[in-house]
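[1] below is the sequence, then the predicted model.
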Amino acid sequence: MASYNKVILMGNLTRKPEVRFTQGGTAVCKLGLAVNRRYKDQSGEWKEEPTFVDVTFFGKRGEAFAKYHQKGKPAFIEGSLRYDTWDDKASGEKRSKLYVVGDDWQFVGAGGGRETYSSDEGGAASAGSGSGGGPGGYSGATDSGAGAPRRRRHAVLSGRMRLRVRLFAGLRERARADEIEVELGPEVAGQGAAGAATVLDLKRALERRAPELGPLDHVRVALDRAYASDSTPLGDVREVALIPPVSGGSGEGPLNLEQGVFELSHGPIDPAGCQRRVEHPACGGVVLFSGQARDHSRGRSVLGLEYEAYEAMLAPEMERIFARCRSQFGGAGDAAAPQSPDPGPGPRLRMLVVHRAGKVAIGEPAVVVAVASPHRDAAFRACRFLIDELKLSLPVWKRESYPGGETWIGDRP
C-alpha cells in the first residue's frame with residue numbers, strides 16, 4: 001500500500017514551549033502552533049481563520065526549539081502526523097488525539113523568510129540565510145515513500161558546505177532519523193586541496209551538531225559508497241554515510257562465480273544449495289562455512305537476530321574483498337597463488353557469499369560462504385579470508401534481542 005506522511009507548517013506559537021524529560025533522559029518538547037487560512041467570504045472580503053495544531057519534538061531538537069522560541073514567535077516546522085488512542089483513567093472512555101511529531105524546524109525572520117540555525121563550537125548561536133537545516137545545523141527530515149521529493153545532498157553556499165549524511169543501525173536510532181544535515185563553515189569548507197574539508201572535519205562537525213550520536217572516532221565514513229580515511233578531502237561528494245562498527249551481486253554464471261558472487265537474502269539460506277552452486281569438475285576442494293544464529297551471547301540468552309544493511313554499498317565492497325581474495329589465493333584471471341602451484345585448466349577459485357537481512361531465528365544460517373578450488377589449502381584459506389574480511393568491513397549490522405531488551409552489536413568501541 002502506498003503511503004506518504006509529511007507535514008509542513010508555518011505559523012505563530014500559541015504558548016511557551018514546554019520541555020519535560022522521560023525516565024530515560026529523553027527531552028519531550030510540546031508546543032501549540034496557530035496556522036491561518038485566508039479566504040474570501042460571500043461578500044468578497046478577505047478573512048483569516050486560525051487552525052490550532054499541537055506539535056511534539058523529541059530529543060535535542062526539542063531542547064533547541066524551546067531555547068530559541070517564545071509564545072507569539074513565528075516558526076517553520078516539518079514533521080509527520082501521529083494518531084494516539086488511550087483509555088481515560090477517570091471516566092474509562094476511549095480518548096484520541098491527532099498531532100504532529102516534528103522532524104525539523106527553522107527560524108522565521110520578521111519578513112517571513114526562513115533562516116538556518118547553526119551552532120558555533122563555543123556554543124554561541126548564529127543564523128545564516130538559506131533553506132534547509134535544523135536545530136544544531138542538522139535536519140531529521142527523510143525521504144518517505146515513492147515519489148517523495150528529495151533534497152540536494154551537497155551544496156556550497158557563501159563558503160559553506162552543506163551535506164546530508166545517511167545513518168544506520170544504532171546511530172540511526174540515537175538520532176531518531178535516517179539522515180541528518182550538517183553544515184561546515186568557511187573555516188573548514190575552503191576551496192583547493194590545502195583548505196578542503198576532510199572526513200575528520202565532518203566527524204567533528206557532526207559531534208558538535210548532533211551530540212546524541214556520541215564520539216565518532218570508531219565510526220567509518222563512506223563517500224560515494226567507498227570507505228574513506230579521516231584525511232580524505234570531501235570534495236564534490238554525492239553521497240555520505242556513517243558506517244558504525246559492523247557486527248563482527250547479480251546474475252550467476254561460471255565467470256561470475258570465479259570473480260565472486262555476493263547475495264543479500266531476505267529469506268532462509270540453503271547452505272547445501274550454496275555448496276552445489278560452487279562445485280565444479282576441476283575443483284577438488286570445496287569448503288562451506290555456515291554462520292548460525294545462536295541462543296546465547298556474552299552470557300545472555302538470545303531470542304533472535306535482526307540484520308540491517310547499507311545495500312547500495314554491499315556490492316562495491318564485496319567486489320574489493322573478492323579481488324583481494326583472488327589476488328592472494330589464485331582467482332581466475334590472476335597469477336597463480338603460491339598456495340596453488342600448477343593450477344591446471346579450469347577455474348582456480350569459485351566463490352559465493354550469501355548474507356541474511358531482516359529477522360533471523362535461532363538456529364538459522366545468518367551468513368554462508370562457499371568456496372571451491374582445485375586444491376584444498378586454497379579453498380580453506382580463501383573461505384576463512386572471505387568470512388573474516390566481510391565481518392570487518394561489510395556494512396551489515398546485527399541486533400540481538402534478549403528477554404529484557406535488545407542491542408546493536410559493535411555499536412560502541
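    Okay, I see it.
[2] low-confidence stretches in the stretch 1-150 of the chain?
    1-2, 109-150 (pLDDT under 70).
[3] can you show me the strands along it?
    Under the criterion DSSP state E, counting those that start in this stretch, the stretch 1-150 of the chain contains strands at 7-13, 18-21, 27-40, 46-58, 74-87, 94-108, 114-119, 125-129.
[4] next, the angle strand 94-108 makes with the third one.
    Put simply, strand 27-40 runs at 80 degrees to strand 94-108, going by axes from the mean of the first three to the mean of the last three CA atoms, to 10 degrees.
[5] OK, contacts around residue 317?
    Residue 317 sits next to 225, 226, 227, 393, 394, 395 when contact means CB atoms under 8 Å, 6 or more residues apart in numbering. Every residue, glycine included, has its C-beta placed from N, CA and C.
[6] same check, this time on residue 65
    17, 29, 31, 57, 75, 102, 105, 135.
[7] deepest of the strands of the stretch 1-150 of the chain, which one?
    Highest mean neighbour count among the strands of the stretch 1-150 of the chain (mean count of other CB atoms under 10 Å): strand 114-119, with a mean of 20.
[8] any weak-confidence spans in the stretch 301-413 of the chain?
    For the stretch 301-413 of the chain, residues meeting the criterion pLDDT under 70 lie at 331-347, 410-413.
[9] run the last query once more with 50
    For the stretch 301-413 of the chain, applying pLDDT under 50 flags the ranges 331-343, 412-413.
[10] now the helices for it?
    In the stretch 301-413 of the chain, the helices defined using DSSP state H, counting those that start in this stretch lie at 311-329, 376-393.
[11] which one of the strands of the stretch 1-150 of the chain lies nearest to residue 215?
    Residue 215 lies closest, by CB to CB, to one member of the strands of the stretch 1-150 of the chain: strand 114-119, at 18.0 Å.
[12] can you give me the end-to-end span of stretch 204-213?
    Chord length of stretch 204-213, first to last residue, is 11 Å (CA to CA, to the nearest Å).
[13] quick check: buried residues in that stretch?
    204, 205, 206, 207, 208, 209, 210, 213 (16 or more other CB atoms under 10 Å).
[14] distance to residue 320, pLDDT and secondary structure added to those residues, as a markdown table?
    Putting these into a markdown table (distance: CB to CB, whole Å; pLDDT from 0 to 100; DSSP: H, G, I helix; E, B strand; the rest coil) gives the following:
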| residue | distance to residue 320 | pLDDT | secondary structure |
| --- | --- | --- | --- |
| 204 | 28 | 86 | helix |
| 205 | 28 | 86 | helix |
| 206 | 26 | 87 | helix |
| 207 | 28 | 83 | helix |
| 208 | 32 | 83 | helix |
| 209 | 31 | 81 | helix |
| 210 | 29 | 82 | coil |
| 213 | 27 | 81 | helix |
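[15] domain parsing for the chain?
    Using automatic domain parsing, the domain parsing of the chain gives 1-112, 132-143+151-244, 254-408.
[16] about what we covered before: just the closest of the contacts of residue 317 to residue 274, please.
    Comparing the contacts of residue 317 against residue 274 with CB to CB places residue 394 closest, at 17.0 Å.
[17] and the closest one, backbone torsions?
    The phi and psi values for residue 394, taken as degrees, to the nearest 10, are phi -70, psi 130.
[18] just residue 363 next, same as before
    Phi and psi for residue 363, reported as degrees, to the nearest 10, are phi 90, psi -10.
[19] rewinding a little: nearest to residue 280, out of the helices of the stretch 301-413 of the chain?
    Nearest to residue 280 among those is helix 376-393 (11.4 Å), distances taken as CB to CB.
[20] list the buried residues of that closest one.
    For helix 376-393, the neighbour count (16+ other CB under 10 Å) marks 378, 379, 380, 381, 382, 383, 385, 386, 387, 389, 390, 393 as buried.
[21] residues contacting the second one?
    In this case it means residue 379. By CB under 8 Å, 6+ apart, the neighbours of residue 379 are 283, 285, 286, 287, 349, 371, 372, 373.
[22] the residue lying closest to the first one once chain neighbours are set aside pairs with what?
    The shortest distance from residue 283 to any non-neighbouring residue, by CB to CB, 6 or more residues apart in numbering, is to residue 372 (3.8 Å). On the basis of DSSP bridges, residue 372 takes part in beta bridges with residue 286, residue 350.
[23] roughly how far apart are residue 372 and residue 275?
    8 Å (CB to CB, to the nearest Å).
[24] can you check residue 69 too?
    For residue 69, the distance to residue 275 - CB to CB - is 62 Å.
[25] then residue 320?
    Taking CB to CB, one finds residue 320 at 25 Å from residue 275.
[26] just residue 297 next, same as before
    Taking CB to CB, one finds residue 297 at 27 Å from residue 275.
[27] so these two - more neighbours on which side?
    Counted by other CB atoms under 10 Å, residue 297 and residue 275 do not tie: residue 275 has more neighbours, with 18 against 15.
[28] show me what the one helix or strand the more buried one maps to is packed against.
    Per DSSP states H and E: residue 275 is located in helix 271-278. In terms of contacts (3 or more CB pairs under 8 Å, 6 or more residues apart in numbering; DSSP states H and E), helix 271-278 is packed against strand 285-292, strand 350-356, strand 365-373.
[29] out of the ones you listed, which comes closest to residue 38?
    Taking CB to CB, strand 350-356 is the member of these nearest to residue 38, at 54.3 Å.
[30] quick one: the helices in the stretch 151-300 of the chain?
    Under the criterion DSSP H, counting those that start in this stretch, helices of the stretch 151-300 of the chain are mapped to 169-175, 199-209, 254-259, 271-278.
[31] wait, residue 200 touches residue 231, no?
    Yes - using CB atoms under 8 Å, residue 200 is in contact with residue 231, at 6.8 Å.
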